[in-house]
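Enquirer: Here's a sequence, model it:
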Amino acid sequence: MLHFPQRDHASPKVETPDPFNQFNHLLEQDLEQVEKEITRRLQSQVPAVTQVAQHLVASGGKRLRPILLLLVARALDYHGSRAIPMAAAVEFVHTATLLHDDVIDHAQLRRGRPSCNALWDNKMSVLVGDFLYCQVSTIIAEDGDLNILKCITDATTQTTEGEVLEITKSRDLRVREAEYFKIIEFKTGMLMSAATEMGAILAQADPKVQASMRQFGMDLGMAFQLADDVLDYTSVEEEFGKAKGVDLKEGKLTLPLLVALDRCEAKEAETIRQGILNASSELFKEVLKILKKYQAIEHSLEWAEKKLSSAREQLACLPDGEYREALETFTYYVTQRRK
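Expert: Okay, the predicted model is just below:
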């Protein structure tokens, strides 16, 4: 039996503007330096490596993880130069996982553009992903902070473990809620958690503050993935930047499916099973009807809101100011985004 968070009927939803304009205003000079650092680190003696890496890095990513690291560091009054290569490092880890994900998922689109494996091939995508991981190792070695090293290696390890766990549970109708949450904790939560914790480490914040920032990133990352899993069923492809219904096609039992399976009748469960085993546009439409019938989308978003509420509580340890405000603003945007 799935457990659902309580609905909050008291506060009506207010549309939150895209916060990235605020981020870009607050961090304009920092982000310019991060872009220069990324470009510099992508230079390779083998031109094909640079070409593939630059294609993905330049394909419209919002640099969310670098932004989170910088906002936390600045909120805690750290204004040193170490934040720039650290921000590049977390972006490289994220980009490497995308390269490898697209190979695993046979994805043809990434951020609305042809994926690297579609333009080149799987071998090139895997190897360039490895190149990016090597750049991360170089950045961390140059910095020399063992706390930073542990933070990012733990995140990279568990992100990989999350991907493996997700593969092993593909098309497995016995997947339970706890396993799903473990997958998204490892796959998405860990790297956002590392980014926010690294910002606190750079600021030499109190261990309790570091722990709060670690939890903030974890809650935010899990909510982000929950919203992403909903968008796979509800998005407009041109806005989302990748094909709709990919999770069902790949046999991923994300929370919307788990909610529906927990509530639906046997005949409807069989329709979902067929959708997982034999994906087609017709079956996708039938599965979507079942999700809507049992309010699986709404319940999944309620879980995301629960995580975001927890994330906001963690921000109480930060000093008041525009950086903390920007972090809080983003928590209200996560479940309203369309891409």
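
Enquirer: how about low-confidence regions in the stretch 1-150 of the chain?
Expert: 1-17, 60, 109, 111-112 (pLDDT under 70).

Enquirer: Helices of that one, start to end?
Expert: For the stretch 1-150 of the chain, the helices defined by DSSP state H, counting those that start in this stretch occupy 20-26, 28-41, 47-57, 64-75, 83-105, 116-119, 122-143, 146-168.

Enquirer: Report the residue ranges of every domain in the chain.
Expert: Per automatic domain parsing, the structural domains of the chain span 22-144, 183-317.

Enquirer: contacting residues around the most centrally placed residue in the chain?
Expert: Note on the chain: the residue nearest the mean C-alpha position is residue 188, at 4.6 Å, using Cα atoms, centre = their mean. Residues near residue 188 by Cβ atoms under 8 Å, 6 or more residues apart in numbering: 162, 221, 222, 224, 225, 228. From N, CA and C alone the C-beta is placed, and that goes for glycine too.

Enquirer: do you know how far it is from residue 226?
Expert: 9 Å (Cβ to Cβ, to the nearest Å).

Enquirer: Now residue 79: phi and psi?
Expert: Backbone torsions of residue 79, given as degrees, to the nearest 10, read phi -130, psi 20.

Enquirer: which residues touch the closest residue to it other than its chain neighbours?
Expert: The shortest distance from residue 79 to any non-neighbouring residue, by Cβ to Cβ, 6 or more residues apart in numbering, is to residue 73 (8.0 Å). Neighbour list for residue 73: 79, 83, 199, 200, 202, 203 [criterion: Cβ under 8 Å, 6+ apart].

Enquirer: Would you check how far apart residue 73 and residue 85 are?
Expert: From residue 73 to residue 85 the distance is 12 Å (Cβ to Cβ).

Enquirer: ok, now residue 200?
Expert: 17 Å.

Enquirer: Mind checking which of the two has more residues around it?
Expert: Taking other Cβ atoms under 10 Å, residue 200 and residue 85 do not tie; residue 200 has more neighbours (29 against 21).

Enquirer: and whatever helix or strand that one lives in, how far from the chain's centre?
Expert: Per DSSP states H and E, residue 200 falls inside helix 190-202. Averaging C-alpha positions (Cα atoms, centre = their mean, to the nearest Å) puts helix 190-202 14 Å from its chain's average.

Enquirer: Quick one: mean pLDDT for that helix?
Expert: For helix 190-202, mean pLDDT rounds to 99.

Enquirer: Could you do stretch 290-305 as well?
Expert: 97.

Enquirer: For that stretch, list every residue counted as buried.
Expert: 290-291, 294-297, 299-305 (16 or more other Cβ atoms under 10 Å).

Enquirer: and if you look at stretch 114-133?
Expert: 115-118, 120, 122, 124-126, 128-129, 131-133.

Enquirer: Check which residues of the lengthiest helix in the chain are buried.
Expert: For the chain, the helix that runs over the most residues, judged by DSSP state H, is helix 207-234. The neighbour-count check on helix 207-234 (16+ other Cβ under 10 Å) flags 209-210, 212-234 as buried.

Enquirer: for it, packing partners?
Expert: Contacting helix 207-234 under the criterion 3 or more Cβ pairs under 8 Å, 6 or more residues apart in numbering; DSSP states H and E are the following elements: helix 64-75, helix 177-184, helix 190-202, helix 246-249, helix 255-263, helix 296-314, helix 322-333.

Enquirer: between these, which gets nearest to residue 31?
Expert: With Cβ to Cβ as the criterion, residue 31 lies closest to helix 64-75 of the helices and strands packed on helix 207-234, at 7.4 Å.

Enquirer: Quick one: work out the angle between the closest one and helix 83-105.
Expert: Angle of helix 64-75 versus helix 83-105, following axes from the mean of the first three to the mean of the last three Cα atoms, to 10 degrees, is 160 degrees.

Enquirer: Pull out the buried residues from helix 64-75.
Expert: Buried, per 16+ other Cβ under 10 Å, within helix 64-75: 64, 65, 66, 67, 68, 69, 70, 71, 72, 73, 74, 75.

Enquirer: Distance to residue 147 added to the residues you listed, as JSON lines?
Expert: Shown next, in JSON lines, are those (distance: Cβ to Cβ, whole Å):
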{"residue": "64", "distance to residue 147": "22"}
{"residue": "65", "distance to residue 147": "18"}
{"residue": "66", "distance to residue 147": "19"}
{"residue": "67", "distance to residue 147": "21"}
{"residue": "68", "distance to residue 147": "18"}
{"residue": "69", "distance to residue 147": "14"}
{"residue": "70", "distance to residue 147": "18"}
{"residue": "71", "distance to residue 147": "19"}
{"residue": "72", "distance to residue 147": "14"}
{"residue": "73", "distance to residue 147": "14"}
{"residue": "74", "distance to residue 147": "19"}
{"residue": "75", "distance to residue 147": "19"}
